[in-house]
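S.K.: generate a structure from the sequence data that follows.
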Amino acid sequence: MNKEVQKEKTEEHPTVLDDNKVVVKRNIKDCVFTDLFSNKKYLLELYLALHPEDTGITEDDLTDITIENVLVNDLYNDLGFRVGDRLIILVEAQSTWSPNILIRSLLYVATTYQNYINERSLDVYSSTKISIPKPELYVIYTGEHKERPKEMILSEEFFPDMEDISLDVKVKMIYGDNEDDIIGQYVIFTKVYDEQRKLYGRTRKAIEETIRICKERNVLKEYLESHEGEVVTMMMTLFDEEQIMKNHDAAIRREEREKAKEQAIASLVGMCKKMNGSILDVIETVMADYNYSEKDATAIVYKYWN
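M.R.: As a prediction, this is how the structure comes out:
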């Protein structure tokens with residue numbers, strides 16, 4: 001794989017492994033997406049699905065320029081590649097409809113151009129115009145949506161009432177309608193996975209059934225047959241990471257509840273002392289209101305009484 005496995009985009013939370021290390025958590029389907037197209041053979045198939053007229057292109061003409069960051073607040077995208085020095089193609093796989101993909105795409109293309117300029121030491125302050133590849137932005141949409149627009153445009157989504165916009169972004173939408181090309185097959189894979197997850201939950205059974213059904217339907221068959229072990233491992237790893245995240249969230253919520261309890265008890269103790277109340281009355285109140293044992297209630301009340 002060409003990324004830290006980590007977009008269900010619930011599923012854009014970080015997975016916390018310990019106090020000092022945070023990695024980006026992506027979802028199952030996107031993990032397969034990035035792994036699939038890290039292979040130049042399938043990347044070429046993707047390009048030809050977008051540009052079937054460009055039959056002279058070979059794998060050697062394609063360069064992976066995906067933005068790869070492992071810190072949760074850093075920018076990363078699903079897939080970016082360059083075709084020689086004439087095209088930059090950025091592709092996102094999206095299962096949830098959101099116009100915010102336009103903002104992310106703007107950031108992706110800006111970062112990609114920045115990397116391109118830095119790699120070639122191009123002088124953007126020179127009076128001579130620099131040469132940069134043409135950008136193409138795509139979203140492969142795998143979710144449900146009533147409307148199926150051919151494209152999303154930043155100015156139309158975010159500034160519909162303004163005539164003069166200094167900057168615009170256009171993203172072409174792909175729905176995988178052609179089941180014979182690799183994009184259509186990836187979309188089918190995601191839908192089969194969704195069906196199996198509904199039946200079996202986030203389990204090994206759901207993964208194995210997804211792979212079995214897809215191979216039987218000749219969907220990503222070659223990839224799944226040659227990478228079956230890796231796909232199962234990737235998906236199971238992400239199941240584990242999801243559980244880690246759930247456990248972490250639960251622990252955080254417990255800790256926050258305990259802090260809130262302590263603050264309330266501290267306020268109760270302070271109020272009682274001001275009113276010259278009895279410490280025993282406070283202990284009994286804490287036992288009744290917070291379901292503490294007598295021992296625990298006594299300990300926490302004395303902690304703040306003194």
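S.K.: helix or strand right after the lengthiest helix in the chain?
M.R.: Using DSSP state H, we find that the single longest helix of the chain is helix 221-274. Next helix or strand after helix 221-274 toward the C-terminus (DSSP states H and E): helix 279-290.
S.K.: who's in contact with the helix or strand just after that following helix?
M.R.: Proceeding N to C from helix 279-290, the next assigned helix or strand is helix 294-305, under DSSP H and E. Contacts of helix 294-305 with the rest of the structure, by CB atoms under 8 Å, 6 or more residues apart in numbering, involve 262, 265-266, 269-270, 273, 279, 282-284, 286-287, 290, 292. (Each C-beta comes from the backbone N, C-alpha and C, glycine too.)
S.K.: can you give me the mean pLDDT across the longest helix of the chain?
M.R.: If you average the pLDDT over helix 221-274, you get 77.
S.K.: how far out from the middle of the chain is that helix?
M.R.: 17 Å (CA atoms, centre = their mean, to the nearest Å).
S.K.: tell me the spacing between residue 135 and residue 96.
M.R.: 24 Å (CB to CB, to the nearest Å).
S.K.: no no, residue 211
M.R.: 24 Å.
S.K.: these two: who's more crowded?
M.R.: Applying other CB atoms under 10 Å to residue 211 and residue 96 shows that residue 211 carries more neighbours, namely 24 against 17.
S.K.: the more buried one falls within a helix, correct?
M.R.: Yes. Per DSSP: H, G, I helix; E, B strand; the rest coil, residue 211 lies within a helix segment.
S.K.: and it, what is it in contact with?
M.R.: The neighbourhood of residue 211, defined by CB under 8 Å, 6+ apart, consists of 224, 228, 231, 232.
S.K.: just want the phi and psi numbers for the residue of the chain lying at maximal distance from its centre.
M.R.: Outermost residue of the chain with respect to the C-alpha centroid, by CA atoms, centre = their mean, is residue 276; its distance is 56.0 Å. Note on residue 276: its backbone torsions stand at phi 60, psi 40 [degrees, to the nearest 10].
S.K.: hang on, the earlier thing: buried among the contacts of helix 294-305? Need that as a selection in PyMOL.
M.R.: Buried subset of the contacts of helix 294-305, written as a PyMOL selection, criterion 16 or more other CB atoms under 10 Å:
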select buried, resi 265+269+282+283+286+287+292
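S.K.: how about TSV for the contacts of helix 294-305, with distance to residue 148 added?
M.R.: Listed next are the contacts of helix 294-305 as TSV, based on distance: CB to CB, whole Å:
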residue	distance to residue 148
262	53
265	56
266	57
269	62
270	61
273	67
279	68
282	64
283	65
284	64
286	59
287	61
290	54
292	57
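S.K.: pLDDT-wise, which helix or strand of the protein ranks last?
M.R.: strand 22-24 (a mean of 36; mean pLDDT, DSSP states H and E).
S.K.: where does pLDDT dip in the stretch 101-250 of the chain?
M.R.: 238-250 (pLDDT under 70).
S.K.: show me where it has helices.
M.R.: Assigned by DSSP state H, counting those that start in this stretch, the helices in the stretch 101-250 of the chain fall at 101-119, 154-158, 182-200, 204-216, 221-274.
S.K.: out of those, which is closest to residue 57?
M.R.: helix 182-200 (14.7 Å; CB to CB).
S.K.: on that earlier part again, would you list the helices of the stretch 101-250 of the chain in a markdown table and tack on distance to residue 296?
M.R.: Output for the helices of the stretch 101-250 of the chain, formatted as a markdown table (distance: least, CB to CB, whole Å):
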| stretch | distance to residue 296 |
| --- | --- |
| helix 101-119 | 48 |
| helix 154-158 | 54 |
| helix 182-200 | 42 |
| helix 204-216 | 42 |
| helix 221-274 | 11 |
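S.K.: so which of those helices is nearest residue 31?
M.R.: Nearest to residue 31 among the helices of the stretch 101-250 of the chain is helix 221-274; the distance by CB to CB comes to 5.1 Å.
S.K.: I'd like to know which elements that closest one is packed against.
M.R.: strand 14-16, helix 28-36, helix 204-216, helix 279-290, helix 294-305 (3 or more CB pairs under 8 Å, 6 or more residues apart in numbering; DSSP states H and E).
S.K.: pull the number of nearby residues for residue 127.
M.R.: 5.
S.K.: now it. Its backbone dihedrals?
M.R.: Here residue 127 shows phi and psi, under degrees, to the nearest 10, equal to phi -80, psi -10.
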